[in-house]
Structure formats: structure tokens, C-alpha cells
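Colleague: my questions concern the predicted model and sequence given below.
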Amino acid sequence: MEVPARSPDGSEQCPQGRELMASSTGSTLCMSSSRSESVWTGSTPRSRWDIYRKPLVVVAVGVAIFLFGVVITSLACFLKEHKKVYKMSGPAFLSLGLMLLVCGLVWIPIIRKKQKQRQKSQFLQSLKSFFFNR
């Protein structure tokens, strides 16, 4: 009879289906599942901040870079020294900020659509299990 292996700190057991890997010291380590696996299985409910954190950060960084580009471009109009540098770098920051802003704003509806699809999929799975497990 085989005893399930424990993680290095001894707190949790490795699932039966996981591979065990021998380290150089001879002990066994549990191969941890990737973080994305728990995201797609839907086992734990996630808060809105966890879901929309990355696109909101991209939008915020895009707005900040865009505003920095506006400031740099306006400096080209008011300052006479280093005018060529401001004229070159200002539009570059404007376009980079706008690109990040648009990417973040497009990312949000994509996440909403995936959430709806996942809810439909979970509902259909529960219906299927209800009817076929009788």
C-alpha cells in the first residue's frame, strides 16, 4: 500500500494523479499545479478586483503615459531649447499611452464575455450531471 507523499513542509498531501519528482537529496516533492489551472476550473470564487486587476493596471499606465506625452508635446510649443527632442519624444509617448489605453479597454469586455461563457458552461455541466447521474 502506497502512502501519498507530503509537501516539503508537511502540511498538504499530493493528489494521486500528480507526478512525484525525486530531488537530489532523495526526498519527494509534490509538483504544484499551475495557477491558471485553478482559474479555469472555477473552484474558488474570485473577487472583481482579482478578475479585472490586470486590465485596469494597463489602462492606468496607458493614461499616465498618454498624459506624460501631452505634457512633453506641449513643452515643445513653449520651450525653445531642446525643441527637437520634445517634438520627437512627445508623439511617441502619446501613441504608446493611447495603445496601452485601448488595449486595456478592449481587454475588459473580453474578460466579461469569458465570464459569461464560463457561467453557461458550469450551468450546462450541472444540468448534465443532474440528468445523467440519476
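Modeller: Good, I have the coordinates.
Colleague: please enumerate the helices of the protein.
Modeller: 35-41, 48-78, 83-132 (DSSP state H).
Colleague: any chance of the ones you listed in TSV, with mean neighbour count too?
Modeller: From N, CA and C alone the C-beta is placed, and that goes for glycine too. Converted to TSV, those look like this (neighbours: other C-beta atoms under 10 Å):
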stretch	mean neighbour count
helix 35-41	10
helix 48-78	15
helix 83-132	13
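Colleague: mind putting the ones you listed into CSV with mean pLDDT?
Modeller: Listed next are the helices of the chain as CSV, based on pLDDT from 0 to 100:
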stretch, mean pLDDT
helix 35-41, 49
helix 48-78, 93
helix 83-132, 90
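Colleague: contacts for stretch 103-112 next, please.
Modeller: Stretch 103-112 is contacted from outside by 51-52, 54-60, 62, using C-beta atoms under 8 Å, 6 or more residues apart in numbering.
Colleague: try it again at 7 Å.
Modeller: 51-52, 55, 58-59, 62 (C-beta atoms under 7 Å, 6 or more residues apart in numbering).
Colleague: now swap in stretch 58-75 and tell me
Modeller: 86, 89-91, 93-94, 96-98, 100-101, 103-105, 107.
Colleague: CA atoms of that stretch as CSV?
Modeller: Output of stretch 58-75 as CSV, limited to C-alpha atoms (Å, rounded to 0.1, in the frame of the first residue of the first chain):
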residue,chain,number,x,y,z
VAL,A,58,-2.8,48.5,-18.2
VAL,A,59,-5.5,51.3,-18.6
ALA,A,60,-4.0,53.3,-15.7
VAL,A,61,-0.4,53.0,-17.1
GLY,A,62,-1.7,53.9,-20.5
VAL,A,63,-3.5,57.0,-19.2
ALA,A,64,-0.3,58.1,-17.3
ILE,A,65,1.9,57.6,-20.3
PHE,A,66,-0.6,59.5,-22.6
LEU,A,67,-0.7,62.4,-20.2
PHE,A,68,3.1,62.5,-20.0
GLY,A,69,3.1,62.6,-23.8
VAL,A,70,0.7,65.5,-23.7
VAL,A,71,3.0,67.4,-21.3
ILE,A,72,6.1,66.6,-23.4
THR,A,73,4.3,67.7,-26.6
SER,A,74,3.1,70.9,-25.0
LEU,A,75,6.7,71.7,-23.8
